[in-house]
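Undergrad: have a look at this prediction, sequence included:
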2 protein chains.
Amino acid sequence: MLRKENVMKKRIAIDMDEVMADTLEALIDRYQNDFNIEIDRTDMEGWHLEDYVDPEHKQKILNYMMQRGFFENLPLIEGAQETIEKLHRDHEIFIVTAATQLPHSMEEKVKWLNKHFPYIGWRNMVMCGDKSIVIADYLIDDHAHNFDGFKGEGILFHSLHNAKETRYKRIYAWTEFEELLNSSLSHSIQT
Amino acid sequence: MLRKENVMKKRIAIDMDEVMADTLEALIDRYQNDFNIEIDRTDMEGWHLEDYVDPEHKQKILNYMMQRGFFENLPLIEGAQETIEKLHRDHEIFIVTAATQLPHSMEEKVKWLNKHFPYIGWRNMVMCGDKSIVIADYLIDDHAHNFDGFKGEGILFHSLHNAKETRYKRIYAWTEFEELLNSSLSHSIQT
């Protein structure tokens, strides 16, 4: 185990949707409920839900995200609370979410963060569009396009829609990021 | 005059309050109206309005900013529209505003930007807290503390509260930034 004083403090930028908050699960839930159609997740690899469903239903999915309350009530991704709290003790955590496209979502996202991650203050929240504006050692995100122009290391958080992306280090669960960070920290301390 | 193909594209981050939007003027207007007290601006140098007024009135000033609609209806800083539109033709503009502390303000700020700066899309808006998270060539801001940890060049936009700050290049008006940028661009092309 690393002794705390040997830990090199990193700045870790973390995306919200499908990384901290299970946005996809909330969308599938509403869609299945409204149309009484069972979604087969194993068949959804490489697809966003709105492009996977019947084209006539695409707008319905997009509308769910426009509804007030949607982003305030999202379920958590497994392990996010535990791991991010641990990371927060030794590192600088910034939550970086593409949110300016849906302006009503921003207030809801702050409320959601305050509820589930109360130790992350407003100073460490970033609601943006193009993430190339942020500077951090790591960016954990489910969208590979957010790594374009990013100066740090992009870590792809596994999601059905990005299952076929091969260019980046991928983690399937929060515990994997903790391991990855510990091993790369050990390395940088030894060299 | 520089020919367009010789212009080095810069990324310019621009703060909103007291740089694009005249937040102070809106606060003074409401305060004078509510208390029938005339504010002498020449006496306010080095002070934020909430610290300059009678201590009993401080919370009243802070409350103005909590009211829905305040940030949506701010007047413009002189020259901001004209100069930013010109800069936008040759450079990459990001609007970077500390807004996550007042979550309701974010939706209003996007509406205000869409109204007065319609060519700035959601991709180029950043609502944040600690601005050391952004990477840009320039940051134009009225708060010197936002230059702490900023990797580019901080340009202080003159405001009464920052009148006594001497550490940074100061501009008193938008036209001055245009001149400054043109002169530094000419320089970097020649070297």
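TA: Yes, it's here.
Undergrad: use CA for all of it now, contacts and neighbours both
TA: OK.
Undergrad: report how many residues lie close to the closest residue to A:Gly149 other than its chain neighbours.
TA: With sequence-adjacent residues excluded and distances taken as CA to CA, 6 or more residues apart in numbering or on different chains, A:Gly149 is closest to A:Ser132, at 5.2 Å. Using other CA atoms under 10 Å in any protein chain shown, A:Ser132 is surrounded by 19 other residues.
Undergrad: then A:Glu108?
TA: Residue neighbour count, defined by other CA under 10 Å, stands at 19 for A:Glu108.
Undergrad: which pLDDT value goes with the closest residue to it other than its chain neighbours?
TA: If you skip the residues right next to it in sequence, A:Glu108 has A:Glu72 as its closest partner in space, 4.7 Å away by CA to CA, 6+ apart. Per-residue pLDDT puts A:Glu72 at 98.
Undergrad: check chain A for its longest strand and report it.
TA: Across chain A, the longest stretch assigned as strand under DSSP state E is strand A:92-98.
Undergrad: so what strands line up beside it?
TA: Each strand pairing with strand A:92-98, determined using DSSP bridges, is listed with its direction: strand A:11-14 (parallel), strand A:125-128 (parallel).
Undergrad: which of those strands sits most buried?
TA: Neighbour counts averaged per stretch over the strands paired with strand A:92-98 are highest for strand A:125-128, at a mean of 29; criterion: mean count of other CA atoms under 10 Å in any protein chain shown.
Undergrad: next SSE after that strand?
TA: Using DSSP states H and E, the helix or strand that directly follows strand A:125-128 along the chain is strand A:138-141.
Undergrad: and the helix or strand following that next one, what's buried?
TA: Following strand A:138-141 in sequence order, the next helix or strand is strand A:153-157 (DSSP H and E). Neighbour counts over strand A:153-157 (16 or more other CA atoms under 10 Å in any protein chain shown) mark A:154-157 as buried.
Undergrad: coming back round to it: only C-alpha atoms, please: export the helix or strand that the longest strand of chain A is followed by in CSV.
TA: Reading on from strand A:92-98 to the C-terminus, the next helix or strand found by DSSP H and E is helix A:104-116. Coordinates of each C-alpha in helix A:104-116 appear next as CSV, following Å, rounded to 0.1, in the frame of the first residue of the first chain:
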residue,chain,number,x,y,z
HIS,A,104,-32.3,23.3,-17.7
SER,A,105,-30.2,20.2,-16.9
MET,A,106,-27.5,22.3,-15.2
GLU,A,107,-29.3,23.2,-12.0
GLU,A,108,-30.6,19.6,-11.7
LYS,A,109,-27.0,18.3,-12.1
VAL,A,110,-25.8,20.5,-9.3
LYS,A,111,-28.6,19.2,-7.1
TRP,A,112,-27.8,15.6,-8.0
LEU,A,113,-24.2,16.1,-7.2
ASN,A,114,-25.0,17.8,-3.9
LYS,A,115,-27.2,14.9,-2.9
HIS,A,116,-24.9,12.0,-3.8
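Undergrad: still on that earlier bit, any chance of the strands paired with strand A:92-98 in TSV, plus mean pLDDT?
TA: Supplementary listing: those in TSV, determined by pLDDT from 0 to 100:
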stretch	mean pLDDT
strand A:11-14	98
strand A:125-128	98
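Undergrad: adding distance to A:Val53, write those strands out as a markdown table.
TA: As requested, the strands paired with strand A:92-98 are exported to a markdown table (distance: least, CA to CA, whole Å):
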| stretch | distance to A:Val53 |
| --- | --- |
| strand A:11-14 | 28 |
| strand A:125-128 | 28 |
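Undergrad: between the ones you listed, which gets nearest to B:Ile28?
TA: Closest approach to B:Ile28 among those (CA to CA): strand A:125-128, 29.1 Å.
Undergrad: other residues contacting that closest one?
TA: By CA atoms under 8 Å, 6 or more residues apart in numbering or on different chains, the surrounding residues in contact with strand A:125-128 are A:94-100, A:106, A:110, B:100, B:122-129.
Undergrad: let's see that with 7 Å instead.
TA: For strand A:125-128, contacts defined as CA atoms under 7 Å, 6 or more residues apart in numbering or on different chains pick out A:94-100, A:106, B:100, B:123, B:125-129.
Undergrad: and chain A, which residues reach chain B?
TA: The interface of chain A toward chain B, taken as CA under 7 Å from any CA of the partner chain, is made up of A:100-101, A:103-104, A:106-107, A:110, A:122-130, A:133-135.
Undergrad: any weak-confidence spans in chain A?
TA: Under the criterion of pLDDT under 70, the regions of chain A flagged as low confidence span A:1-7, A:185-191.
Undergrad: can you list the domains in it?
TA: With automatic domain parsing serving as the domain definition, the record reports that chain A contains domains spanning A:4-22+A:76-190, A:24-72.
Undergrad: picking up where we left off before, run the angle between the longest strand of chain A and helix A:104-116 for me.
TA: With axes from the mean of the first three to the mean of the last three CA atoms, to 10 degrees as the basis, strand A:92-98 and helix A:104-116 are set at 150 degrees to each other.
Undergrad: on that earlier part again, just the buried residues of strand A:153-157 now: which is nearest chain B?
TA: Lowest distance from chain B to those (CA to the nearest CA) belongs to A:Gly154, with 15.7 Å.
Undergrad: quick check: closest non-adjacent residue to that closest one.
TA: Residue nearest to A:Gly154 in three dimensions, not counting chain neighbours: A:Leu139, with 4.9 Å by CA to CA, 6+ apart.
Undergrad: separation between that neighbour and A:Ala99?
TA: Counting by CA to CA, to the nearest Å, the separation of A:Leu139 from A:Ala99 is 16 Å.
Undergrad: so A:Glu85 is in which element?
TA: Mapping A:Glu85 onto the secondary structure by DSSP H and E places it in helix A:80-90.
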